[in-house]
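> The following comprises the amino acid sequence and a computationally predicted model.
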Amino acid sequence: MSLTQPFRHALPVNEALFHEPFYLTHAGWEKILPGERYPTRDAPIFYFEWREGRTLPEFCLALNVAGSGEFETREHRQHLGAGDAFLFRPGEWHRHRPSTKTGWTLMWIHFNGDRPLHWLHRDAFRLEKNIPVIEHKKLFRAQFEHLLASIHQQPSANSANYSLQAGGLLAHFLRDQPVGTASNESGLPDELVKTAVEYIWNYSHDAVDVPAVAEKVKIARRTLDRRFKAATGRSVLDEIQFCRVSRAAKLLQETMLPIKHIVHRAGFRSDEHFRLVFHKVFGKSPQTYRKQPEMPGRADR
């Protein structure tokens, strides 16, 4: 199998796959010639304006095969050379583009699930800002090409096999061991914070609040909040809301569910609270977010 023509695929995510710990949502590769407009308008689902940038409700892993370019987040601006990969996190504002002098050839996948989110909160990804630290770059590229070739042959048959292959890509820059403890102040083990994160991402669609998380890990709420923020950079409540709004964004993008159903399925208890949190994270209303370039099979309700 080999890649011969650029393609972009939005992979179907059915109900069963949505509950898997790791699943792919999009994949493709593109060849942008020197001076060519980017992003190209022939793929509206992936189009964004450079001055506005974008956020995604999922991870994006890309590999620049040839050429060069640049990408930015709120915190970093980095050059991208041939052989460099980059990773964007769910909800992370970013923008990227090829050099007008060289263009680029880019391979990419989008993915989500409890497992990569768990790795994220463990700080398990070996990154230099947003660039993965990959030791065996030739093998990484070969595996990336094989995954995309497989997907391109059957883009309508999203499967666990694709997820397994994608997991092999992430394994190139995952730490072998957990990252120490959250802090030494009270001796609270990092395992406790990880348990709290897993509980939130597995059960926040239900009536989960900060006291419930504290009860789950058997620690005082005030202590949990302090340790949680030290380990993740967010409060427990922020984590719960981020989890719920990420789930809602995905449902808006990939299903035809009415918004009133998404509110409860994502774990929000009122439409008003959902809209306030959603606008805070994405800077737009759920209706506006859903009216962005459509995915096949999606309709507004």
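Yep, it's here. Keep in mind it's a predicted model, so treat the numbers as computed, not measured. Residues are numbered from 1 along each chain as shown.
> Tally up the residues packed near the closest residue to Asp271 other than its chain neighbours, please.
Excluding its sequence neighbours, the residue lying closest to Asp271 (CB to CB, 6 or more residues apart in numbering) is Val263, at 5.3 Å. Just so you know, the C-beta spots here come from the backbone N, C-alpha and C atoms, and that holds for glycine as well. The burial count assigned to Val263 is 23, neighbours taken as other CB atoms under 10 Å.
> ok, then the element right after the helix or strand in which Val263 is found?
Using DSSP states H and E, Val263 sits in helix 259-265. Going down the chain from helix 259-265, the next helix or strand is helix 271-282, by DSSP H and E.
> Next SSE downstream of the lowest-mean-pLDDT helix or strand in the chain?
Of all the helices and strands that make up the chain, helix 15-18 has the lowest average by mean pLDDT, DSSP states H and E, namely a mean of 74. Secondary structure here is assigned by DSSP H and E; on that basis, the next helix or strand after helix 15-18 toward the C-terminus is strand 23-32.
> next structured bit after that next one?
Using DSSP H and E, the next helix or strand after strand 23-32 towards the C-terminus is strand 59-67.
> quick one: that next one to chain centroid distance?
A distance of 15 Å separates the centroid of the chain from that of strand 59-67, by CA atoms, centre = their mean, to the nearest Å.
> what residue ranges in this structure score low on pLDDT?
1-3, 42-45, 176-190, 292-301 (pLDDT under 70).
> residue boundaries of the strands in it?
7-10, 23-32, 59-67, 69-73, 77-80, 85-88, 94-98, 104-112, 127-128, 131-132 (DSSP state E).
> mind checking which of the ones you listed is nearest Ala249?
Taking CB to CB as the measure, the strands of the chain were each checked against Ala249, and strand 104-112 came out nearest at 10.2 Å.
> What about Leu170, how many residues nearby?
Applying other CB under 10 Å, we find 19 other residues in the vicinity of Leu170.
> How about the contacts made by the residue sitting nearest the centre point of the chain?
With distances taken as CA atoms, centre = their mean, Phe59 lies nearest the centre of the chain, 2.0 Å away. By CB atoms under 8 Å, 6 or more residues apart in numbering, the contact set of Phe59 is Leu87, Phe88, Arg89, Pro90, His110, Phe111, Asn112, Pro116.
> Repeat that for Ala220.
Residues in contact with Ala220 (CB under 8 Å, 6+ apart) are Ala214.
> if we can go back for a sec, what residues of the helix holding Val263 count as buried?
Buried residues in helix 259-265, counting neighbours by 16 or more other CB atoms under 10 Å, are found at Ile259, Ile262, Val263.
> try stretch 219-232
For stretch 219-232, the buried set under the neighbour-count rule, 16+ other CB under 10 Å, comprises Ile219, Leu224, Asp225, Arg226, Arg227, Phe228, Lys229, Ala231, Thr232.
> Out of these, flag the one nearest to Arg141.
Of all these, Arg141 sits closest to Thr232, with 32.0 Å by CB to CB.
> my read: that closest one touches Ile200, true?
No. Contact criterion CB atoms under 8 Å: Thr232 and Ile200 do not qualify, at 10.3 Å.
> hey, what's in contact with both of these two?
When contacts are counted by CB under 8 Å, 6+ apart, Thr232 and Ile200 are jointly contacted by Glu239.
> Against Ala149, how distant is the closest residue to Ile262 other than its chain neighbours?
Counting by CB to CB, 6+ apart, Leu251 is the residue found nearest to Ile262 once chain neighbours are left out, at 4.7 Å. Here the distance between Leu251 and Ala149 works out to 30 Å (CB to CB, to the nearest Å).
> So which of those two has more stuff around it?
In terms of neighbours (other CB under 10 Å), Leu251 is the more surrounded of Leu251 and Ala149; the figures are 21 against 14.
> Contacts only, for that one.
Applying CB under 8 Å, 6+ apart, one finds that Leu251 lies in contact with Leu257, Ile262, Arg265, Ala266.
> if I pick the second one, what's in contact with it?
In this case it means Ile262. Taking CB under 8 Å, 6+ apart, one finds Ala248, Leu251, Leu252, Thr255, Phe274, Pro286 in contact with Ile262.
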